[in-house]
Each structure stands twice: as structure tokens, then as C-alpha cells.
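> Here's my sequence, what's the structure:
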Amino acid sequence: MSLKEQIVSDMKDAMRAKDTKRLGTIRMLTAAMKQKEVDERIELDDRQILAIIEKMIKQRKDSISQFEAGGRPDLADNERAEVDVLSAYMPEALPIEEIEKEVAEAVRNAAGPQDMGKVMGVLKSRLAGRADMSAVSALVKKALMKA
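Next up is the predicted model:
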């Protein structure tokens, strides 16, 4: 079953269970997917859907920090619930050792910090959806400073 089919199936299950919070989050995801398909006139594959989910999770995490700073724990809790629903569709994260190994391999031929963009481009294609890219970026920066 493709990821898209899984999301549609989960939406139907949430409708049957009258789980309004989960249903709302899944509908938001399907709307983002359909918007991308219409805008680009394509049929999304699993990799592209994971990129959309990853972006949505990042947006929610940013919102959580803003809501907490603004003294709105109720809104932060809503965002956390959405992150939980969206995270269920992400593949299992790679262990840090595996990420460090990928970073070491990617920076092997890098000349220094000026190659940050090239290295991140390579790693993004390899690790997308399986690692927090901001953490990967920090590891790459650290490794390039040594190079």
C-alpha cells in the first residue's frame, strides 16, 4: 500500500471513529498533497509526500515554540497533537551513528565550509525523511570546519 493510500485509509478510519482532531490533521495533509499535485500537475510519489509531511512537522514545531513563548500552552498542545499524527507517517529515524557515517562519507571530498551546499544537497537526497536535517546540517558544519 502506498503512503497516499495509507493516508486516505486513515482518514476514513478517523471519520468512522469520529476522531475530529486526527481527522482534521489528516485532511490538512491531504489538502497540502492535492495542492502540490494541482500546482505542479503531477502525481505525488511517497518521497514527495514525505517531504510535505516533513515540512508540515517543521512548521508545527516552529509554532509550538512561538506559542510557548507567547504563553499559549493550549495552542501549543494542539500543534503537538498534529505533530504526533503527522509523525506516524514518517519512516523510522536513523540512529545517530548511521547519520554520522553518512556525513563523514559526504564531506570526504569537500574542500571546506564553502562546500556546505554541495554536501547538504547530497545528504538531503540520502537522508530525507529519515533524519532531522537541521541536526544533519550542524554535523556537516562541524565536520567541514575540521576539513
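> where does this protein have low pLDDT?
Low-confidence segments of the chain, defined by pLDDT under 70, span residues 147.
> Need the nearest residue in space to the residue positioned nearest the centre of it, chain neighbours excluded.
Compute the mean C-alpha point of the chain, and by C-alpha atoms, centre = their mean the closest residue is residue 54, 1.6 Å away. Setting aside the residues directly before and after it, residue 54 is nearest to residue 129 in space (C-beta to C-beta, 6 or more residues apart in numbering), at 5.9 Å. All C-beta atoms are positioned from the backbone trio N, CA, C, and that covers glycine.
> thinking again about what came up before, tell me the first helix or strand C-terminal of whichever strand or helix holds the residue nearest to the centre of the chain.
Assigned by DSSP states H and E, residue 54 falls within helix 46-69. Later in the chain than helix 46-69, the nearest helix or strand by DSSP H and E is helix 73-87.
> which residues in this structure form strands?
With DSSP state E as the definition, the chain shows no strands.
> which residues of it fall in helices?
Secondary structure of the chain (DSSP state H): helices located at 3-17, 20-40, 46-69, 73-87, 96-107, 116-127, 133-146.
> show me what contacts the residue nearest to the centre of the chain?
Applying C-beta atoms under 8 Å, 6 or more residues apart in numbering, one finds that residue 54 lies in contact with 90, 128-129.
> want to try a markdown table for those residues, with distance to residue 107 and neighbour count as columns?
As requested, the contacts of residue 54 are arranged in a markdown table below (distance: C-beta to C-beta, whole Å; neighbours: other C-beta atoms under 10 Å):
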| residue | distance to residue 107 | neighbour count |
| --- | --- | --- |
| 90 | 25 | 14 |
| 128 | 18 | 15 |
| 129 | 21 | 18 |
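> what's the distance between the residue nearest to residue 54 and residue 76?
Computed with C-beta to C-beta, to the nearest Å, the distance linking residue 129 and residue 76 is 25 Å.
> ditto for residue 112
40 Å.
> same thing with residue 40?
Using C-beta to C-beta, residue 40 is found at 33 Å from residue 76.
> Kindly report the same for residue 21.
Counting by C-beta to C-beta, the separation of residue 21 from residue 76 is 14 Å.
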